[in-house]
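A.B. asks: sharing a model that was predicted from the sequence below.
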Amino acid sequence: MKHKGIFYAVISVILLQGVSSCKLNPHEQEAKQATSDRRQETYVSTPDWVMRTNVYEVNIRQYTREGSFREFENHLSRLKDMGVEILWLMPVHPISKKDRKGTLGSYYAVADYYGINPEFGDMDDFKSLVRNAQRMGMKVIIDWVPNHTGADHYWLETKPEFYVRDSAGNARYAFDWSDTRELNYDNRELRDSMIAAMQFWIKEAGIDGYRVDVASEVPIDFWEEAIPKLRKLKPLFLLAEADQPELHKAGFNATYPWEVFHTMKAIAAGEKNALALDSVIKKNERSFPKGAGRLYFTSNHDENSWNRSDFGTFPGPKHAPFAILTHFLPGAIPLIYSGQEEPVLRAIPFFEKDQMEFKNFQRAGFYKTLLKLRNRNKATELNASYRIIKTGDETRLFSIFRQAGSYKLLVVTNLSDSPAEVSINLPELTGTPKEVFSNKPVKLTLNDSFTLGPWEYRVFEY
């Protein structure tokens with residue numbers, strides 16, 4: 001999703017006639033030529049560093065007083081210490097002024113795929129951020145918006161055939177995204193131009209991948225063509241904002257598990273119980289290929305701005321057990337949104353300036369424990385074995401056992417408002433694992449039991 005919480009829809013495409021003779025932007029011409037000349041090795045689709053990784057979404061505009069790349073750099077060492085591995089920057093491009101929403105506009109109304117939003121700094125500032133994050137061992141991906149441009153992107157003048165038109169011949173927009181104009185993927189030159197623009201940021205700034213906005217609205221055969229060309233340049237992490245299994249087959253590393261997220265919200269609201277999560281996880285396992293990455297979260301920019309997650313949908317003590325599950329569900333790549341470690345407990349406006357404040361870091365230790373555990377324990381890998389196990393009342397308790405060779409993890413959560421008794425009833429759960437939040441060994445023997453209070457949890461590392 002982009003700047004409204006809205007379900008995906010199928011958008012019909014109008015075939016346009018004729019080809020413009022206008023020249024490409026100089027950046028595009030250079031990138032296109034480099035693409036045709038380049039003959040490099042094609043890398044495997046899932047780099048090793050993706051197998052136990054995590055993602056931290058950065059809202060540059062709201063992160064600091066200045067809202068700039070340079071000021072955000074001051075937070076890199078703190079985020080590295082917390083265990084962050086991939087920084088996802090929301091769109092860094094200039095924002096269209098025509099039909100702009102609010103004072104500052106939506107990041108997702110892109111005016112120039114080759115430019116930098118002057119709010120944030122310039123290209124040198126951006127490169128400095130990428131370079132310094134990578135020196136610390138982190139990766140940097142940027143948000144990419146291929147379905148539409150802003151309402152005054154220069155292509156509307158130079159390449160009118162790049163756009164879907166309505167019956168009156170006007171470039172149209174989907175849903176209520178009136179600050180954007182929809183691109184026409186029936187046009188061969190548009191496809192080439194989009195690929196060249198994506199290659200530009202890999203070559204020019206050395207980024208490590210993309211989070212692709214509303215990826216399923218773009219034809220699947222575009223991704224089947226584009227992704228191998230992108231991966232000829234470097235190993236990449238590609239995250240699709242979509243919930244379609246076929247996008248993994250096209251080359252994306254990770255997708256959004258929307259149905260799981262909505263089920264977690266319903267459990268937190270008392271509308272469903274823990275058994276519902278069991279059902280939807282098993283459904284996903286049948287639908288998605290083994291090892292597919294799924295970006296689990298309790299908040300992101302859309303959910304925060306429009307639906308008040310996590311402070312509204314997982315309030316108070318309810319947040320922790322669901323946040324824990326985002327780290328250990330099958331194929332889990334956990335997402336932390338800007339300010340969740342503080343936590344920032346308000347909706348951040350989408351089109352206006354509203355600076356987050358970082359001073360308490362009340363959840364930073366909680367997240368650090370989880371992220372460091374994922375980093376060291378192979379049982380959290382995308383292809384590690386995974387079992388939902390019964391440890392007591394399945395309407396309240398949701399428990400997971402994960403294993404990769406000698407690495408084992410037991411995660412037990414109480415997803416209810418009442419206490420629940422946990423029983424150790426399987427031989428493979430016995431031993432003396434360390435409970436990671438207390439950092440103390442715990443002896444577990446067959447038929448042992450203990451009680452979890454409402455919304456309590458335990459994570460055991462063997």
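C.D. replies: Received, thanks.

A.B. asks: who's in contact with I195?
C.D. replies: For I195, the contact set (Cβ atoms under 8 Å, 6 or more residues apart in numbering) comprises T35, E225, A226, K229, L230. In this view, the C-beta of every residue, glycine as well, is placed from N, C-alpha and C.

A.B. asks: now, these that are in helices?
C.D. replies: T35, E225, A226, K229, L230 (DSSP state H).

A.B. asks: now, among the residues you listed, which is nearest to T46?
C.D. replies: Nearest to T46, judged by Cβ to Cβ, of the ones in helices among the contacts of I195 is L230 at 14.1 Å.

A.B. asks: tally of neighbours for the closest one?
C.D. replies: One way to gauge burial is a neighbour count; for L230, by other Cβ atoms under 10 Å, it gives 21.

A.B. asks: touching, it and Q199? I think so.
C.D. replies: Yes: with the criterion set as Cβ atoms under 8 Å, L230 and Q199 qualify as a contacting pair; they are 6.4 Å apart.

A.B. asks: out of the contacts of I195, which is nearest to H148?
C.D. replies: A226 (16.6 Å).

A.B. asks: Three-state assignment for the residue nearest to that closest one when sequence neighbours are not counted, please.
C.D. replies: Excluding its sequence neighbours, the residue lying closest to A226 (Cβ to Cβ, 6 or more residues apart in numbering) is I195, at 4.9 Å. Here I195 is helix, with the state taken from DSSP: H, G, I helix; E, B strand; the rest coil.

A.B. asks: and I195, how far from A171?
C.D. replies: Summarising the geometry, the distance separating I195 from A171, computed by Cβ to Cβ, to the nearest Å, is 21 Å.

A.B. asks: how about G105?
C.D. replies: Computed with Cβ to Cβ, the distance linking G105 and A171 is 18 Å.

A.B. asks: settle it for me: which of those two has more neighbours?
C.D. replies: Residue environment comparison for G105 versus A171 gives the larger neighbour count to G105, 25 against 21, counting by other Cβ under 10 Å.

A.B. asks: now the more buried one: which helix or strand?
C.D. replies: Secondary structure assigned from DSSP states H and E places G105 in neither a helix nor a strand.

A.B. asks: need the pLDDT of the closest residue in space to A332 that isn't next to it in sequence.
C.D. replies: Using Cβ to Cβ, 6+ apart and skipping residues adjacent in sequence, the residue nearest A332 is Y296, 5.3 Å away. Confidence per residue is given as pLDDT, and for Y296 that number is 98.

A.B. asks: now do the helices in the stretch 1-150 of the chain.
C.D. replies: Under the criterion DSSP state H, counting those that start in this stretch, the stretch 1-150 of the chain carries helices at the ranges 26-37, 60-63, 69-73, 76-82, 123-135.

A.B. asks: assign E421 to helix, strand or coil.
C.D. replies: When the rule is three-state DSSP, E421 gets the label strand.

A.B. asks: nearest the geometric middle of this structure, what residue?
C.D. replies: L295 (5.4 Å; Cα atoms, centre = their mean).

A.B. asks: need the contact list for that one.
C.D. replies: Contacts of L295 were listed using Cβ under 8 Å, 6+ apart, and they are V55, L239, A254, T255, Y256, P257, I333, P334, L335.

A.B. asks: include pLDDT, distance to M136 and secondary structure when you put those residues into a markdown table, please.
C.D. replies: Shown next, in a markdown table, are these (pLDDT from 0 to 100; distance: Cβ to Cβ, whole Å; DSSP: H, G, I helix; E, B strand; the rest coil):
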| residue | pLDDT | distance to M136 | secondary structure |
| --- | --- | --- | --- |
| V55 | 98 | 16 | strand |
| L239 | 98 | 21 | strand |
| A254 | 97 | 22 | strand |
| T255 | 98 | 28 | strand |
| Y256 | 98 | 27 | coil |
| P257 | 97 | 29 | coil |
| I333 | 98 | 20 | strand |
| P334 | 98 | 19 | strand |
| L335 | 98 | 20 | strand |
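
A.B. asks: would you format those as JSON lines with distance to P160 included?
C.D. replies: Output for those, formatted as JSON lines (distance: Cβ to Cβ, whole Å):
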{"residue": "V55", "distance to P160": "37"}
{"residue": "L239", "distance to P160": "31"}
{"residue": "A254", "distance to P160": "35"}
{"residue": "T255", "distance to P160": "33"}
{"residue": "Y256", "distance to P160": "33"}
{"residue": "P257", "distance to P160": "38"}
{"residue": "I333", "distance to P160": "39"}
{"residue": "P334", "distance to P160": "43"}
{"residue": "L335", "distance to P160": "38"}
